[in-house]
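> got a predicted structure here, sequence first:
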Amino acid sequence: MDISIIIVNYNVKYFLEQCLCSVQKALSNVKGEIIVIDNSSGDGSMQYLPPKFPSVNFIRNDKNLGFGKACNQGLAIAKGKHILFLNPDTLVPEDCFDKSIAFMESHPNAGALGIRMLDGSGNFLKESKRAFPSPQTSFYKLTGLAKLFPKSKTFGRYHLGYLNEQKNHVIDVLAGAYMLVSKEVLDKIGGFDEVFFMYGEDVDLSYRIQKGGYNIYYFAESSIIHFKGESTRKGSLNYVKMFYQAMSVFVKKHYGSQKAGLFNFFIQSAIWFRAFVSSIGHFIKWVGLPVIDALVILFSFWTVKMIWEGYIRPEVIYQERLIIAVFPMFTIIYLFIAYYTGLYNKYFKQGNLNRSAFTATLTVLAIYSLLPESLRFSRGIILFGSVLAFLLLSLIRKLMASWELIETADGLQQTKTLIVCGAEEVNEINQLLVTAGKEQQVFGRISIEENEANAIGNINRLPAIAKELSIKEIIFGEGALSNKKIIELVQQLKLRYKFHAKNSGSIISSDSKDEAGDYLAMEKTFVLAQPISRRNKKLWDEIYCLLFLISFPIHFIFQKKPLSFFKNVLAVFTGKKTWVSYNYHQKLLPPLSEGILTPTGLPKSLNHLPQNSLEKIDYWYAKDYSLSNDISLIWKNYKYLGE
């Protein structure tokens, strides 16, 4: 047997589905086997995939053993002359394996081979070629110097940026997503060191291959797509900590404790620096827009007040202390309503701004009418201040959208999407789009063959058609169109891409290497995943907390554990917990904080049903979520709220 392909899966069902489709096509040129080790996925992978791929050897673990240990499980039963450790979030071209094997066999000193990788947008992934970590190179990477000077032999050494990505090279470290290693070499040096749970095992294996007297090659004559971001968000501080802790273990193991101490000093310094930069970025991303809006609203009220005093009612003198107190209060009300009407959703909708401005204005006017006469100043200032704020906020959002600082939902609805596939695949893709409610985005189909019916053009004219029609997104359908051709095309056009393999039940995509990818599938969308459901759940959590706090004497009488009850109230009010949440937190489900109650109405500690049953209850809770159900669970199970 030429090759054994070992894939470790953890909660990436649909990405693995597309990966296996591409791998099976690539195996048509070589004799090989596919071994999938599932690390106790909670997304239904082992129910969904084995019936679709009967020739694949699936092995399920009862718990997550980590990447290295799972790979060793596959290695123990592998029969191939060459072993390929492949990530599940990859797509490979049809000639990938035979080219890689041919290169290995034509270079007798080759112990292992990595490959040229692209992300889901067609951009080259610089981790395709790496040097061994050292205190200096790791520090340059973490502090951003490597990014500033990528071609430098000093600062850019970690990713070997000075080496031409289009040429083959001898390198230090294998790319973990695609590691082709001779079985003979692995028999000699051993498999993965299982002390590394998730990161660092590829570096350690590469080091031992070189110590065994073999070369490691970066192979540029074929390219794969590696979507990334499927296990840990690559830009997150958590990833930084996990990755560099693994690097620290590697340095201590191979370079000695003295160098490891220096390495740890550099790493800790860089992690604190990265944390500082990350916190600023999060502040700007999550707090920036509300702060801008607050300043705009305050400015609008203050401007109208000055105009009112100077030109409309010059005879009236407004108390400065009153204005200073009331305007910020009105601004807070505006922001509160804006949040719950969806103004700060990921994608901006003008309709959300219209709704939030109208609702906030009515609310503020209503509150104003209830104020004592001594605290009133002018309805005109409130009304025209609100109108000016609305106009300025609309203008600022338009400018930010045109400068691409924010994404607009209107733009998404109007995005022209092309489907590039054969005539047989288009129905599959359209059905998936209809299920996901995305069918209105499709502009037309690009055919593979000349003069196909119901096509707006041929694939040879794809770049020109995409430019003429201002296309923003392309859905590639593998079938009549090869994966090799798809990978060539994604490098030519800098657009958003989605991928679908013939006879598969999903479409996958990834617009960023730092964030988890997305998918469309036949299974229905969870109601709880919708922003309005999550906002309403949070709002009613807080309303219940306020009601419980206002009526606090009652709960000292009727609650068996009043102190625990109020501790839970504060935990929910601060967002650390929610009144109703899952029994088991599965990656498949929309994320929730820990709950006081579960969907059964009982606290987690009092649920004695089998885990499978509780997981199904969690699934249906998220799928068919309703606010009235939450309210009913809290009301009927009041006695357990102090657990």
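Alright, I've got the coordinates. The shown structure was predicted, so the numbers you read here are calculated from the model rather than taken from an experiment.
> low-confidence ranges in the stretch 101-250 of the chain?
The stretch 101-250 of the chain contains residues with pLDDT under 70 at 132-136, 138-144, 156-158, 194-200, 228-250.
> please apply the same query to the stretch 301-450 of the chain.
Low-confidence segments of the stretch 301-450 of the chain (pLDDT under 70): 318-319, 321-323, 346, 374-375, 377, 404-405, 407-415, 435-440.
> where's Pro328, which helix or strand?
Using DSSP states H and E, Pro328 maps to helix 320-340.
> got a list of contacts for that helix?
Contact partners of helix 320-340, identified using Cβ atoms under 8 Å, 6 or more residues apart in numbering, comprise 290, 293-294, 297-298, 301-302, 305, 344, 353, 356, 359-360, 363-364, 367, 375, 377, 382, 389, 535-536, 539. The C-beta positions use only the backbone N, C-alpha and C, and glycine is treated the same way.
> which of these count as buried?
Those of the contacts of helix 320-340 that meet the buried threshold are 293-294, 297-298, 301, 305, 344, 353, 356, 359-360, 364, 377, 382, 389, 535-536, by 16 or more other Cβ atoms under 10 Å.
> out of the residues you listed, name the ones that lie in helices.
Counting by DSSP state H, these place 293-294, 297-298, 301, 305, 353, 356, 359-360, 364, 382, 389, 535-536 in helices.
> looking at these, which is nearest Leu160?
Asp293 (45.2 Å; Cβ to Cβ).
> the closest one is in contact with Phe390, isn't it?
No: with contact taken as Cβ atoms under 8 Å, Asp293 and Phe390 are classed as non-touching, separated by 11.0 Å.
> which of the ones in helices among the buried ones among the contacts of helix 320-340 lies closest to Arg116?
Taking Cβ to Cβ as the measure, Arg116 sits nearest to Arg535 out of these, at 43.6 Å.
> so how far is Asn345 from that closest one?
Per Cβ to Cβ, to the nearest Å, Arg535 is found 9 Å from Asn345.
> can you check Leu602 too?
Separation of Leu602 from Asn345 (Cβ to Cβ): 34 Å.
> and the furthest pair within the ones in helices among the buried ones among the contacts of helix 320-340?
Lys305 and Asn536 (34.7 Å).
> give the partner strands of the next helix or strand along the chain from the helix holding Pro328 in its sheet and their orientations.
As assigned by DSSP H and E, the chain's next helix or strand after helix 320-340 is strand 347-348. With DSSP bridges as the test, strand 347-348 is paired with strand 407-408 (parallel).
> so Asp511 touches Gly120, yeah?
Yes: counting by Cβ under 8 Å, Asp511 sits close enough to Gly120 to count as a contact (6.6 Å).
> those two: which is more packed in?
Gly120 (25 against 16; other Cβ atoms under 10 Å).
> in three-state terms, label that one for me.
Assigned by DSSP: H, G, I helix; E, B strand; the rest coil, the conformation of Gly120 is coil.
> about what we covered before: pull out the buried positions in the helix holding Pro328.
For helix 320-340, burial by neighbour count (16+ other Cβ under 10 Å) applies to 326-327, 330-331, 333-335, 337-340.
> only alpha carbons, please: show it as CSV.
The C-alpha trace of helix 320-340 is given here as CSV (Å, rounded to 0.1, in the frame of the first residue of the first chain):
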residue,chain,number,x,y,z
GLU,A,320,-26.5,73.6,33.6
ARG,A,321,-26.6,71.0,36.4
LEU,A,322,-29.9,69.7,35.2
ILE,A,323,-28.6,69.4,31.6
ILE,A,324,-25.4,67.7,32.7
ALA,A,325,-27.4,65.0,34.6
VAL,A,326,-30.3,64.5,32.2
PHE,A,327,-28.4,64.3,28.9
PRO,A,328,-26.2,61.4,29.9
MET,A,329,-29.2,59.6,31.3
PHE,A,330,-31.0,59.9,28.0
THR,A,331,-27.9,58.8,26.2
ILE,A,332,-27.7,55.6,28.3
ILE,A,333,-31.4,54.9,27.5
TYR,A,334,-30.6,55.3,23.8
LEU,A,335,-27.7,52.9,24.0
PHE,A,336,-29.7,50.3,26.0
ILE,A,337,-32.5,50.3,23.5
ALA,A,338,-30.1,50.3,20.5
TYR,A,339,-28.4,47.1,21.9
TYR,A,340,-31.7,45.3,22.2
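> assign the residue nearest to Asn72 when sequence neighbours are not counted to helix, strand or coil.
Computed as Cβ to Cβ, 6 or more residues apart in numbering, the closest residue to Asn72 that is not its neighbour in sequence is Gly191, at 4.4 Å. Recorded secondary structure, Gly191: coil (three-state DSSP).
> quick check, Leu186 in contact with Ala76.
No: the pair Leu186 / Ala76 is not scored as a contact, 10.8 Å apart, by Cβ under 8 Å.
> ok, those two, which is more surrounded?
Set side by side, Leu186 and Ala76 show more neighbours around Leu186, with 22 against 9, by other Cβ under 10 Å.
> which residues does the closest residue to the more buried one other than its chain neighbours contact?
Spatially, and ignoring its direct neighbours in sequence, Leu186 is nearest to Ile83 (6.1 Å; Cβ to Cβ, 6+ apart). Residues in contact with Ile83 (Cβ under 8 Å, 6+ apart) are 3-4, 6, 75, 180-183, 186.
> for Ile83, helix, strand, or coil?
What three-state DSSP gives for Ile83 is strand.
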